[in-house]
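Asker: what would the 3D arrangement of this be:
(one chain, ligands or ions: 2)
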Amino acid sequence: MPKVLISDALSPAAVQIFKDRGIEVDFQPALGKDKEKLAELIGNYDGLAIRSATKVSPKILEKANNLKVIGRAGIGVDNVDIPAATAKGIIVMNTPFGNSITTAEHAISLMLALARQIPEADRSTQAGKWEKNKFMGVEITGKTLGVIGCGNIGSIVADRALGLKMKVIAFDPFLSPERALDLGVEKVELDDLLKRADFITLHTPLTEKTKNIIDATAINKTKKGVRIINCARGGLVDEQALRAALDSGHVAGAAFDVFVTEPATENVLFGHPNVICTPHLGASTTEAQENVALQVAEQMSDYLMTGAITNAVNFPSITAEEAPKLRPFVELAEKLGSFAGQLTETGISKVQIAYEGTVAQMNTRALTSAALAGLLRPMLGDVNVVSAPVISKERGMVVEEVTREVAGDYDSLITVTVETEKQKRWVSGTVFADGRPRIVNIKGIRMDAEFAPSMVYITNLDKPGFIGTFSGTLGEANINIATFHVGREAPGGNAIALIEIDGDLPEQVLAKVRALPQVQQAKPLHF
Ligand SMILES: NC(=O)c1ccc[n+]([C@@H]2O[C@H](COP(=O)([O-])OP(=O)(O)OC[C@H]3O[C@@H](n4cnc5c(N)ncnc54)[C@H](O)[C@@H]3O)[C@@H](O)[C@H]2O)c1
Ligand SMILES: O=C(O)[C@H](O)COP(=O)(O)O
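Answerer: Ligands and ions are numbered 1, 2, ... in the order given. Okay, the predicted model is just below:
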């Protein structure tokens, strides 16, 4: 039974989902903050469900030897070291929409709170001061809202702001003119947005490009009296530069939910009268937390129990409907890759995976990952479908995927071709109606063999006596032959034998096989 750890404050609704799906679950909402303890325990789990408080660092991943999936109940996965998780073959999934409305509502709330200085006015009133003349606000009707990043949350913010009768302009290089038109926003360049906006709200991820997108230079381009809201990620705004602009009065107010360092127990923005801060509450509503907890638990359970993949940030999606159909082809692709990998002794420069017939309509990206995992594992050991594409890239391998609608003699055919500096080798396979993968062609020689746990691959010259001498050599060593498959280019020409044996082939017996007169190459294979 797979075991999942919930190490953050997820809605308990997730616990029930895991249990209902036959998964053992440990709900330890504070564990994510205790790095040492998490590192000590993580090795016991197949799945880890988190929010933003658990930092899944390479140190944690190093110990996560059974971990197959990390589920982020929320959007941002910047608290997970994705390359390290991918290299370890761990799927990382999030819930990209579950808290979007809630976060957009938080941004709008902060904008209104800023416009009317609600928190300050509240503090003053409750302190018995009744400072009616101190708190002169601004109307938002007719004002211009500049949205930086107009994706899921940014576009909901835009929609709500339009409902509040604001003019909305958006800077997002990936926003199409059609989508902008649809949303009723004006797509602009960043400088234009800075120049025109009365309020600026940020909704991009934190990347190399967006880090400090609002720095001192950008602030200098804004209107005097601008108000800035950040409910996306700390680091999008240069906090020091913003503080200086608030102190000088150029920026009239700022409302921040996210900070460069979190938890933010001290920050340069704190204490300014025109600053409103919340402790990363963007997603904190009952509705959103229920949504993301249920969704992440469903997604993780699907993956652990059926292999279906939804919303993974490091692997293509596989639907629950697709998973059972894909499974025999994943096995075939992996075994064909493994066949080629076990025979390859020098650096691989190129791999081509060709899909013909019905299989060409399937999720070939997932199948290619499986073929690469099979190919690399004999050389590198700990590689799986998640890590294989990255490792292939790191090793400079060119990976090519080809699809053809028709597969000749077979309903489906996968061919893995591997090129090294020395040679090109290819092997084709199919899945028959019994769901079992078969090798049907090796370097142009027809074959019909199943993959067995212990096999011997032989290339030989098609001369009389080979089968007898080979069988005799194994017989003398008391090794039983289970199946024997042969194929040849032409009578008397190059031939191939794939022999399934019971147990392993000891080194000294392999040496005797290699010394047989007809044998060119002999190699043990394991599947
Ligand atoms: N405060 C919270 O609790 C909270 C809650 C949910 C999400 N978030 C954060 O909000 C942010 C937005 O989330 P989302 O779901 O809308 O993401 P999204 O991927 O749907 O949208 C992000 C948008 O940013 C745009 N973008 C990327 N690079 C850009 C650049 N250089 N300049 C301008 N635009 C750029 C993208 O094109 C995209 O449209 C994320 O950082 C997410 O982690 C915060
Ligand atoms: O990216 C997100 O989904 C938000 O930052 C929410 O984070 P939280 O789940 O820790 O509230």
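Asker: ranges for the strands of the stretch 301-450 of the chain?
Answerer: Chain-ordered strands for the stretch 301-450 of the chain, with DSSP state E, counting those that start in this stretch as the definition, fall at 348-357, 398-404, 412-420, 424-431, 437-442, 445-450.
Asker: want to throw those strands into CSV with distance to Phe339, mean pLDDT and mean neighbour count?
Answerer: Heads up, the C-betas are built off the backbone N, CA and C, glycines and all. Conversion of these to CSV gives the following (distance: least, C-beta to C-beta, whole Å; pLDDT from 0 to 100; neighbours: other C-beta atoms under 10 Å):
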stretch, distance to Phe339, mean pLDDT, mean neighbour count
strand 348-357, 13, 95, 20
strand 398-404, 17, 95, 14
strand 412-420, 8, 95, 22
strand 424-431, 5, 95, 20
strand 437-442, 7, 95, 22
strand 445-450, 10, 92, 17
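Asker: out of these, which comes closest to ligand 2?
Answerer: With C-beta to the nearest ligand atom, the closest approach to ligand 2 among the strands of the stretch 301-450 of the chain belongs to strand 398-404: 31.9 Å.
Asker: so what are the sheet partners of the closest one and their directions?
Answerer: strand 348-357 (parallel) (DSSP bridges).
Asker: figure out how far the partner strand is from the centre of its chain.
Answerer: On the basis of C-alpha atoms, centre = their mean, to the nearest Å, the separation between the geometric centre of strand 348-357 and that of its chain is 23 Å.
Asker: how far away is Val268 from Lys221?
Answerer: For Val268, the distance to Lys221 under the criterion C-beta to C-beta, to the nearest Å works out to 21 Å.
Asker: swap in Met166?
Answerer: For Met166, the distance to Lys221 - C-beta to C-beta - is 20 Å.
Asker: coming back round to it: more crowded one of Val268 and Lys221?
Answerer: Remark: of Val268 and Lys221, Val268 carries more neighbours, 17 against 14, as counted by other C-beta atoms under 10 Å.
Asker: what residues are up against the residue nearest to His272 when sequence neighbours are not counted?
Answerer: Using C-beta to C-beta, 6 or more residues apart in numbering and skipping the chain neighbours, the partner closest in space to His272 is Leu246 (5.2 Å). In this structure, Leu246 makes contact with 253-254, 269, 272, 274-275, judged by C-beta atoms under 8 Å, 6 or more residues apart in numbering.
Asker: which of those residues tops the neighbour count?
Answerer: Ala254 (26 neighbours).
Asker: just the element for it, please.
Answerer: Following DSSP states H and E, one finds Ala254 within strand 251-256.
Asker: what's in contact with that strand?
Answerer: With C-beta under 8 Å, 6+ apart as the contact definition, strand 251-256 has outside contacts at 110-111, 113-114, 117, 138, 219, 222, 225-230, 234, 237, 242, 245-246, 269, 272, 274-278.
Asker: near ligand 1, which residues of this structure show up?
Answerer: Taking C-beta under 6 Å from any ligand atom as the criterion, the neighbours of ligand 1 within the chain are 75-76, 99-100, 103, 148-154, 171-174, 203-205, 209-210, 231-233, 257-258, 280, 282-283.
Asker: how many other residues sit next to the residue of the stretch 101-250 of the chain found nearest ligand 2?
Answerer: Distances between the stretch 101-250 of the chain and ligand 2 by C-beta to the nearest ligand atom are smallest at Thr103, namely 6.8 Å. Using other C-beta under 10 Å, Thr103 is surrounded by 25 other residues.
Asker: next: Gly347.
Answerer: Look at Gly347: counted by other C-beta under 10 Å, it has 12 neighbours.
Asker: that one contacts Glu421, correct?
Answerer: Yes: counting by C-beta atoms under 8 Å, a contact exists between Gly347 and Glu421, whose distance comes to 6.5 Å.
Asker: what sits in contact with each of the two?
Answerer: By C-beta under 8 Å, 6+ apart, no residue touches both Gly347 and Glu421.
Asker: per-residue pLDDT, whatever residue of the chain ends up closest to ligand 1?
Answerer: When you check the chain against ligand 1 by C-beta to the nearest ligand atom, the closest residue turns out to be Gly151, at 1.9 Å. The per-residue pLDDT reported for Gly151 equals 93.
Asker: what pLDDT does Asp434 get?
Answerer: At Asp434 the predicted local distance difference test score is 87.
Asker: excluding sequence neighbours, find me the nearest residue to Thr103.
Answerer: Thr103's closest residue in space is Gly282 (C-beta to C-beta, 6+ apart), at 4.0 Å.
Asker: scratch that, Leu236 is what I was asking about
Answerer: In space, Leu236 comes closest to Leu202 once its chain neighbours are excluded; the distance is 4.9 Å by C-beta to C-beta, 6+ apart.
Asker: the domain parsing of the chain - what is it?
Answerer: Domain assignment for the chain by automatic domain parsing gives 1-96+285-315, 100-277.
Asker: what sits against Ser57?
Answerer: The neighbourhood of Ser57, defined by C-beta under 8 Å, 6+ apart, consists of 35, 81, 84.
Asker: neighbours around the residue lying closest to the second one once chain neighbours are set aside, how many?
Answerer: Setting aside the residues directly before and after it, Asp81 is nearest to Pro58 in space (C-beta to C-beta, 6+ apart), at 5.3 Å. As a burial measure, Pro58 scores 12 neighbours (other C-beta under 10 Å).
Asker: ramachandran coordinates for Pro58?
Answerer: Dihedral angles phi and psi of Pro58 (degrees, to the nearest 10) take the values phi -60, psi -30.
Asker: from start to finish, how long is stretch 86-94 in a straight line?
Answerer: 15 Å (C-alpha to C-alpha, to the nearest Å).
Asker: and the contacts of that stretch?
Answerer: 61, 64, 67-72, 74-77, 80, 82, 85, 296, 299-300, 303, 309-315, 382-387, 390-391.
Asker: out of the residues you listed, list just those in helices.
Answerer: With helices defined by DSSP state H, the entries of these inside them are 61, 82, 85, 296, 299-300, 303, 390-391.
Asker: which two among those are spaced furthest apart?
Answerer: Val296 and Ile391 (27.3 Å; C-beta to C-beta).
Asker: show me which of the two is the more surrounded one.
Answerer: Summary of the neighbour comparison: Val296 and Ile391, criterion other C-beta under 10 Å, with Val296 having more neighbours (31 against 20).
Asker: which residues in the stretch 201-350 of the chain form helices?
Answerer: Assigned by DSSP state H, counting those that start in this stretch, the helices in the stretch 201-350 of the chain fall at 216-221, 239-248, 286-306, 322-343.
Asker: for the residue nearest the centre of the chain, give me its contacts.
Answerer: A centroid search over the chain (C-alpha atoms, centre = their mean) returns Asn314, at 1.8 Å, as the residue closest to the centre. Neighbour list for Asn314: 82, 85-86, 91-92, 386 [criterion: C-beta under 8 Å, 6+ apart].
Asker: please determine how far it is located from ligand 2.
Answerer: Shown here: Asn314 relative to ligand 2, a distance of 17 Å by C-beta to the nearest ligand atom, to the nearest Å.
Asker: and that residue, what are its phi and psi?
Answerer: phi -130, psi 20.
Asker: residues contacting Ile219?
Answerer: 241-242, 245, 250-251.
Asker: ok, back up a step: so which of the helices of the stretch 201-350 of the chain is nearest ligand 2?
Answerer: Across those, ligand 2 has its closest neighbour in helix 286-306 (7.0 Å, C-beta to the nearest ligand atom).
Asker: packing partners of that closest one?
Answerer: helix 13-20, strand 47-50, strand 69-72, strand 91-93, helix 100-115 (3 or more C-beta pairs under 8 Å, 6 or more residues apart in numbering; DSSP states H and E).
Asker: report all helices and strands that the longest one contacts.
Answerer: When contacts are defined as 3+ C-beta pairs under 8 Å, 6+ apart, helix 100-115 packs onto helix 152-163, strand 199-202, strand 226-230, strand 251-256, strand 275-277, helix 286-306.
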